[in-house]
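Student: Provide a 3D model corresponding to the input given below.
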Amino acid sequence: MKADVKSTRCGQQQSGWRGFFLLVALIIGTSGSAMAQTQTYTWSGYAGAGYNGNWSNTANWTATVSPVSSSTTSFYINASTNNRVMNQDVATPFQLSTLVISSSPAGQFTMNGGALQIYGTAGSTTSSFAISSGTGPSSVGSVQTINNDIQMMADAMMQANYASLTLGGNIDLNGKNIRFHAANLSGAANPTVVRLNGVISDSAGSTANNVYFTGPNSGSPNGAAIYVKGNNSYTGTTTIYNVAVYAGNNNAFGSGTSDIAMGVMGGGTTNPTLLTDGGVNISRQIRVMSAAAGNTSNATIGGSTADNSTFSGNVILNRQGSTNTMTAQSLIVTATNSGRVDFTGNVQREAAALTTASDTLTKTGAGIVALNGAANNYLGTTSVNEGALLVNGTLASGGGAVSVAAGATLGGIGTINRAVTVADNGILSAGEMSNSLISQAGVLTLGGDLSLNNASQLNFNLGTLKDLISISGNLTLDGVLNVSQDAGFGVGTYRLFDYAGSLLDNGLTVNLSGFTGTIDTSVANQINLIVTVPEPSTMVLVVGGSLLLVQLGVRRRRALC
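Tutor: Numbers count the residues shown, from 1 in each chain. Modelled structure (predicted):
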């Protein structure tokens, strides 16, 4: 059974989630009476002499009775006093149905000790295991921490609302489904964060269980985030819905082979994000689900740190239902400054998707994203807006044009079988590139037209090894040629472009230090740079001018003395 995630006008998820999950996070602001169970215990936070934080200490509970382990036990914990620590020392495992941690104002709580075993009735929002992070905006900034190991005895949801939540122990799914939820109920400036530091496993060995990472019901996550650090071994499916998930381990999404779904097919406007948190390799295939008709969504995949990370599975765009009438999510690929993200699989269209549905790709972030697959065949446009996009594999024909914005770079050693346009101050640089955006010599093949503008920047490495851009279509020549003089550079002729179509020559400004560079278009279907030494008269003027400046400087210093 799959969850049907939809949003309503009031911002609450419809019964698809409620009928599927055992609620593990009561909405912040819920009072203890709303969660009444067969056995309800309220932590009073005793602060008198001899406080030890043990569950077995009756002074810590409002009824001065320590809790009893039971599948119907419900907890309400008030963390109004900051930095309190409690210890589960009653039973291992301790059975319970509902746990609500309240914090007002901005209290923080840490729970340690024996393992917890979570029961409840699936689908009921009043008999479920609940973790509530704060009771309102005054709780913003606090963090509730549970370091106990947890075994799920029913489907569950763990939610951070006004305060963030850290789960430091291991979580055994035990064949059940689980949902981790971060929110931004206080607005974009106060999102919550869920941190999963332990291992998520499944002692039942089920491949049918599902792990869901979710955020606000619609719109932008606005900073709501989930960090997944463990070397997880669950084998079920994974879904990311309108939240930023940071993967800090190669097995953050388990050891199975099922796809990672970004978004929910036929859902509302969402913006799921999957980012690596360190030098991580994500090997699973990723499917970007299409939204309901009329909803515009963006899925973001990339890296968040100055490391090299890899997505080695395919990324499938435009996942449609049987009606094939949905709106494709646009794909944003990103890398942070000095970071690099390699897609060694392919970015592809869903095979059954209609050609009228767009599936665009946009590069953002100051770092490098490299498309290394041999069959990238998404249909929409490619926009290089920031940093560098390297095409080291093949971008198939039949799709939209590639555009390079001012300050952004297009490069690589592969083949782009689409038209390319470079805006003023956009950069075209054949070859590979270091993380600091220092280019290396290489050949870039363009299967369509290349259009350059008056201030387009053409960065070429020339020397014994040299750049070349080979064009199967037409060439509009324009812009500024910036020459990096690599080993072996000197007087001679360097081929810059081959082209098979027509040439529109608007002129090319040459930026070359210590030599004279002349653009030669006389050879058919070639653009060459002829490098010579400056004329003697020019050298005399340069040297003479330099000596005159030195002499004037000496005289001025003497006059001052």
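Student: What is the burial count for the nearest residue to N308 once chain neighbours are set aside?
Tutor: Nearest in space to N308, with sequence neighbours left out and distances taken as CB to CB, 6 or more residues apart in numbering, is R340 at 4.8 Å. For glycine as for every other residue, the C-beta is placed from the backbone atoms N, C-alpha and C. Per other CB atoms under 10 Å, the neighbour tally for R340 reads 24.
Student: For R340, give me its contacts.
Tutor: 303, 307-309, 367-370, 435 (CB atoms under 8 Å, 6 or more residues apart in numbering).
Student: ranking the residues you listed by neighbours, who comes first?
Tutor: Highest neighbour count within the contacts of R340, by other CB under 10 Å: G303, with 30 neighbours.
Student: hang on, isn't that residue packed against T273?
Tutor: No - distance between G303 and T273: 11.5 Å, which falls outside the contact criterion (CB atoms under 8 Å).
Student: What separation do you get for N190 and K176?
Tutor: 31 Å (CB to CB, to the nearest Å).
Student: Show me where the stretch 351-500 of the chain dips below the pLDDT cut-off.
Tutor: Low-confidence segments of the stretch 351-500 of the chain, defined by pLDDT under 70, are located at 352-358.
Student: Let's see that with 80 instead.
Tutor: Across the stretch 351-500 of the chain, the ranges flagged by pLDDT under 80 are 351-358.
Student: which intervals of the stretch 201-350 of the chain have sub-threshold pLDDT?
Tutor: When residues are selected by pLDDT under 80, those of the stretch 201-350 of the chain lie in 207-208, 217-221, 264-270, 290-297, 318-329.
Student: picking up where we left off before, between the contacts of R340, which sits nearest T518?
Tutor: Of all the contacts of R340, I368 has the smallest distance to T518: 33.0 Å, by CB to CB.
Student: Now secondary structure too, for the contacts of R340, in CSV please.
Tutor: Shown next, in CSV, are the contacts of R340 (DSSP: H, G, I helix; E, B strand; the rest coil):
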residue, secondary structure
G303, strand
D307, coil
N308, strand
S309, strand
G367, coil
I368, strand
V369, strand
A370, strand
N435, coil
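Student: what sits against N147?
Tutor: With CB under 8 Å, 6+ apart as the criterion, the residues that contact N147 are 110-112, 168-169.
Student: One more pass at 10 Å, please.
Tutor: Under the criterion of CB atoms under 10 Å, 6 or more residues apart in numbering, the contact list for N147 reads 85, 88, 110-113, 166-169, 197-198.
Student: Show me where this structure has its helices.
Tutor: Defined through DSSP state H, the helices belonging to the chain, from first to last, are 15-18, 536-560.
Student: least reliable of these going by mean pLDDT?
Tutor: Between the helices of the chain, the one with the least mean pLDDT is helix 15-18; it has a mean of 35.
Student: So for N190 and K176, which residue has more residues nearby?
Tutor: Residue environment comparison for N190 versus K176 gives the larger neighbour count to K176, 22 against 18, counting by other CB under 10 Å.
Student: Could you double-check that the more buried one sits in contact with Q151?
Tutor: Yes - with contact defined as CB atoms under 10 Å, K176 reaches Q151; the gap is 9.3 Å.
Student: any shared contact partners between these two?
Tutor: I118.
Student: what about I316, neighbour count?
Tutor: Applying other CB under 10 Å, we find 24 other residues in the vicinity of I316.
Student: Chain neighbours aside, what residue packs nearest to it?
Tutor: Excluding its sequence neighbours, the residue lying closest to I316 (CB to CB, 6+ apart) is R287, at 4.6 Å.
Student: Can you give me the neighbour number for that neighbour?
Tutor: Neighbour count of R287, defined by other CB under 10 Å: 23.
Student: and if you look at N385?
Tutor: Should you count by other CB under 10 Å, N385 turns out to have 18 residues around it.
Student: hang on, the earlier thing: mind giving me the ChimeraX command for buried ones among the contacts of N147?
Tutor: The following ChimeraX line selects those of the contacts of N147 that are buried, judged by 16 or more other CB atoms under 10 Å:
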select :88,110,111,112,113,166,167,168,169,197,198
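Student: Next one: L361 from T305, what distance?
Tutor: When distance is defined by CB to CB, L361 is 22 Å away from T305.
Student: can you check N177 too?
Tutor: Here N177 is placed at a distance of 30 Å from T305 (CB to CB).
Student: These two: which is more packed in?
Tutor: Here N177 and T305 are set side by side on neighbour count (other CB under 10 Å), and the busier one is N177, at 24 against 20.
Student: How about the backbone phi and psi for that one?
Tutor: phi -100, psi 150 (degrees, to the nearest 10).
Student: now it: how far from S283?
Tutor: Note on N177: its distance to S283, by CB to CB, is 23 Å.
Student: Equivalent analysis for N482, please.
Tutor: Taking CB to CB as the measure, N482 falls 38 Å from S283.
Student: How about P221?
Tutor: P221 is 25 Å from S283, where distance means CB to CB.
Student: who has more neighbours, the two?
Tutor: Neighbours around P221 and S283, counted as other CB under 10 Å, are more numerous at P221. The numbers are 25 against 14.
Student: In this structure the more buried one contacts A183, no?
Tutor: Yes - in this structure P221 lies within contact range of A183 using CB under 10 Å: 9.3 Å.
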